[in-house]
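# I need the structure of the sequence given here:
(one chain, ligands or ions: 3)
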Amino acid sequence: MNSGESYEYALLTDLYQLTMAQGYWESGKTDDMACFHMYFRENPFKGGFAIACGMAQLAEMVETFSFSDDDIEYLASLPAPGTGMLFDPAFLEYVRALELDVDIDAVHEGTVVFAGEPLVRVMGPIMHCQLLETALLNCVNFQTLIATKAARVCLAAGDAPVAEFGLRRAQGAGGGLWASRAAVVGGCASTSNVLAGKLYGIPVSGTHAHSWVMSFSSELEAFRAYAKAMPENCVLLVDTYDVKQGIENAVTVGLEMRERGDRLAGIRIDSGDLAWLSKMARARLDEAGLSDCGIVLSNDLDEYTIQSLRDQGASVTSYGVGTKLATAYDQPTLGGVYKLSATKNAGEAVWRDRIKITEQAAKLTVPGVLDVRRYYHEDGRLAGDMVFDANHGVSERELIVDPSDSLRRKVLSGKRFETLLAPLARSGKAVLEAGDRDAMSARERAFAQVATLDESQKRMLNPHSYPVGLECGLFERRNNLVVQLRGFE
Ligand SMILES: Nc1ncnc2c1ncn2[C@@H]1O[C@H](COP(=O)(O)OP(=O)(O)OP(=O)(O)O)[C@@H](O)[C@H]1O
Ligand SMILES: O=P(O)(O)OC[C@H]1O[C@H](OP(=O)(O)OP(=O)(O)O)[C@H](O)[C@@H]1O
Ligand SMILES: O=C(O)c1cccnc1
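Ligands and ions are numbered 1, 2, ... in the order given. Predicted coordinates for the structure are as follows:
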């Protein structure tokens with residue numbers, strides 16, 4: 001990563017992608033075509049859905065993808081475990097001139113997605129597809145995970161906005177930046193991360209720290225000074241010494257601000273029993289005539305504590321959520337994979353199915369050039385997602401089969417549907433419109449999409465599983481392929 005504005009993506013990869021690339025070049029396979037899909041196998045956080053994110057950075061990755069002279073020099077310096085050098089100089093000259101030539105289709109950021117369906121499809125020379133794999137997974141896995149966490153936190157928070165406060169405990173600078181962006185895509189109203197605000201056009205917000213209060217000789221003096229310095233954005237942290245006394249001091253300053261024609265925007269409570277203290281604070285602020293003064297709660301919050309605080313009737317205007325959101329504390333990775341599903345060698349006219357066989361039904365891959373049809377009930381709720389092969393179409397029955405339990409089937413015919421994968425790059429050039437890269441538009445999409453889910457699919461505990469299945473023709477084709485490859489025929 002350079003200054004934080006763009007990444008050098010070509011080398012942001014695993015070494016084996018480059019050694020395989022040399023292999024493809026050496027074996028005369030540079031024109032062999034492949035189709036890969038990125039998908040995850042289980043919804044994160046034992047939840048009922050996920051929010052797709054990271055596609056804007058994927059488009060940027062495609063746009064800026066090239067091997068610089070510096071990169072080539074570095075690769076040329078790598079020793080092989082034996083005595084020679086790892087890369088053939090002639091191959092490195094080929095790589096220096098390489099221009100990405102892939103077609104990428106992906107769901108829009110902010111789309112509600114589920115386990116077992118492709119979020120991204122990459123088609124092109126197999127070497128190019130693989131050179132993108134690692135960075136693509138790094139970007140889409142992490143941002144989708146954080147956007148999903150944010151959506152869960154925001155669902156728990158209801159109408160109260162959530163500010164993301166996680167940068168200081170995030171996984172490095174890059175992780176912190178992407179986490180802030182993804183948190184806003186998933187539903188957060190703002191971030192405390194100023195660089196993310198500048199780079200991604202997302203709102204920034206904040207209060208003040210305990211150190212501010214500690215740096216003055218009294219809390220009251222500290223509050224007065226902050227109110228003077230920030231009259232338009234004054235949220236006072238009341239728990240440095242004693243919350244009850246902190247609230248009294250905030251009331252004093254709030255009334256003084258009113259005298260001057262200013263307004264105390266809020267107080268923040270960051271320790272102790274947040275439900276009890278917030279109710280006590282609300283009563284005192286109202287009694288003092290400061291009912292327009294909000295209450296911000298923070299301290300190790302996540303969707304579960306927020307839900308519990310609401311159940312206890314906490315009096316809250318907004319939440320600040322840091323560590324557990326920006327690091328996806330309870331599940332640090334999405335586990336999305338990028339699997340080869342079809343190939344077309346030089347001179348061939350049609351795509352050839354490819355499948356990875358495993359004993360675990362859930363890990364058996366799906367062959368073909370895939371897309372997703374999303375079906376809707378008449379009232380606008382989601383009815384089911386069908387994974388189908390874009391080159392084979394959909395049989396008239398419009399029947400989906402759960403690949404891990406073939407008895408679970410659903411007929412979707414007659415329902416309105418849309419197709420989820422949309423062009424992100426063509427012949428190596430990003431074609432994603434500016435509007436489709438915008439974090440705030442993605443946030444609106446995420447809100448609208450979460451609203452199309454049934455309540456049972458949104459609940460935190462044991463959510464109802466949403467029907468995602470293979471189009472029945474594709475399901476049969478896959479079964480036949482397994483039988484054929486295992487030599488049962
Ligand atoms: N009413 C509540 N119901 C459920 N969880 C709560 C409630 N109030 C606070 N919490 C959560 O309890 C945890 C913290 O409590 P704890 O009292 O151990 O630490 P603290 O208040 O931060 O203490 P410290 O003074 O050391 O900062 C946090 O995760 C906080 O979000
Ligand atoms: O609890 P989180 O969800 O991670 O939210 C961020 C936390 O970071 C700050 O604490 P910190 O102790 O770092 O700084 P402070 O001294 O300003 O409170 C803030 O007061 C929150 O408690
Ligand atoms: O602005 C805040 O209140 C803030 C920012 C970062 C971390 N904790 C709190």
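# Give me the distance between the spatially most central residue of the chain and E444.
Residue closest to the average C-alpha location in the chain (CA atoms, centre = their mean): T144, at 2.0 Å. For T144, the distance to E444 equals 18 Å [CB to CB, to the nearest Å]. Every C-beta, even on glycine, is put in place using the N, C-alpha and C of the backbone.
# Could you list the residues of the chain in contact with ligand 1?
Those residues of the chain that sit near ligand 1, judged by CB under 6 Å from any ligand atom, are S271, G272, D273, L274, A275, N299, D300, L301, T305, S308, L309, Q312.
# Kindly reformat those as CSV containing neighbour count and pLDDT.
Rendered in CSV, the data for these read as follows (neighbours: other CB atoms under 10 Å; pLDDT from 0 to 100):
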residue, neighbour count, pLDDT
S271, 13, 98
G272, 13, 98
D273, 14, 98
L274, 27, 98
A275, 19, 98
N299, 15, 98
D300, 13, 98
L301, 24, 98
T305, 19, 98
S308, 14, 98
L309, 22, 98
Q312, 13, 98
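# Put together JSON lines for the residues you listed, with secondary structure and distance to V372 on each row.
Conversion of the residues of the chain next to ligand 1 to JSON lines gives the following (DSSP: H, G, I helix; E, B strand; the rest coil; distance: CB to CB, whole Å):
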{"residue": "S271", "secondary structure": "coil", "distance to V372": "46"}
{"residue": "G272", "secondary structure": "coil", "distance to V372": "47"}
{"residue": "D273", "secondary structure": "coil", "distance to V372": "46"}
{"residue": "L274", "secondary structure": "helix", "distance to V372": "41"}
{"residue": "A275", "secondary structure": "helix", "distance to V372": "42"}
{"residue": "N299", "secondary structure": "coil", "distance to V372": "40"}
{"residue": "D300", "secondary structure": "coil", "distance to V372": "37"}
{"residue": "L301", "secondary structure": "coil", "distance to V372": "34"}
{"residue": "T305", "secondary structure": "helix", "distance to V372": "34"}
{"residue": "S308", "secondary structure": "helix", "distance to V372": "36"}
{"residue": "L309", "secondary structure": "helix", "distance to V372": "37"}
{"residue": "Q312", "secondary structure": "coil", "distance to V372": "40"}
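# related to what we said a few turns ago, how far does the helix or strand hosting the residue nearest to the centre of the chain sit from the chain's center?
T144 belongs to helix 126-157 when assigned by DSSP states H and E. Once both centres are worked out by CA atoms, centre = their mean, to the nearest Å, helix 126-157 turns out to sit 4 Å from its chain's centre.
# That one near ligand 2 at all?
No: Helix 126-157 is not in contact with ligand 2 by CB under 6 Å from any ligand atom; minimum separation 10.0 Å.
# any idea how far ligand 1 is from the residue nearest to the centre of the chain?
In this view, T144 and ligand 1 are 25 Å apart by CB to the nearest ligand atom, to the nearest Å.
# give the contact list for the residue nearest to that residue when sequence neighbours are not counted.
Closest residue in space to T144, ignoring its immediate chain neighbours: C53 at 5.0 Å, by CB to CB, 6 or more residues apart in numbering. When the contact criterion is CB atoms under 8 Å, 6 or more residues apart in numbering, the partners of C53 are E109, G110, V140, Q143, T144, I146, A147, R181, A182, V185, G186, A442.
# mean confidence for stretch 162-182?
For stretch 162-182, the per-residue pLDDT values average out at 98.
# Just the buried positions in that stretch, please.
Buried residues in stretch 162-182, defined by neighbour count with 16 or more other CB atoms under 10 Å: 162-167, 170, 174-182.
# count of residues packed around the residue in the stretch 101-250 of the chain positioned nearest to ligand 2?
Nearest residue of the stretch 101-250 of the chain to ligand 2 (CB to the nearest ligand atom) works out as A209 at 3.1 Å. Burial measure for A209: 12 neighbouring residues, criterion other CB atoms under 10 Å.
# Please name the residues that touch it.
L237.
# The same query, at a cut-off of 10 Å, please.
When contacts are counted by CB atoms under 10 Å, 6 or more residues apart in numbering, A209 touches S215, L237, T240, D270.
# Quick one: residues contacting whichever residue of the stretch 201-350 of the chain sits closest to ligand 3.
Using CB to the nearest ligand atom, the single residue of the stretch 201-350 of the chain nearest to ligand 3 is G206, 2.9 Å away. Contact criterion CB under 10 Å, 6+ apart gives A163, F165, S190, T191, S192, N193, V194, M230, N233, V235, R268, G320 as the residues in contact with G206.
# and ligand 2, which of the residues you listed reach it?
Contacts with ligand 2 within the contacts of G206, counted by CB under 6 Å from any ligand atom: F165, G320.
# Out of the contacts of G206, which sit inside strands?
Among the contacts of G206, DSSP state E puts A163, S190, T191, V235, R268, G320 in strands.
# Which of the residues you listed ranks first by neighbour count?
Using other CB under 10 Å as the neighbour definition, the ones in strands among the contacts of G206 reach their maximum at T191, which records 28 neighbours.
# doesn't G54 make contact with the residue nearest to the centre of the chain?
Yes: T144 is in contact with G54 according to CB atoms under 10 Å; the separation is 6.1 Å.
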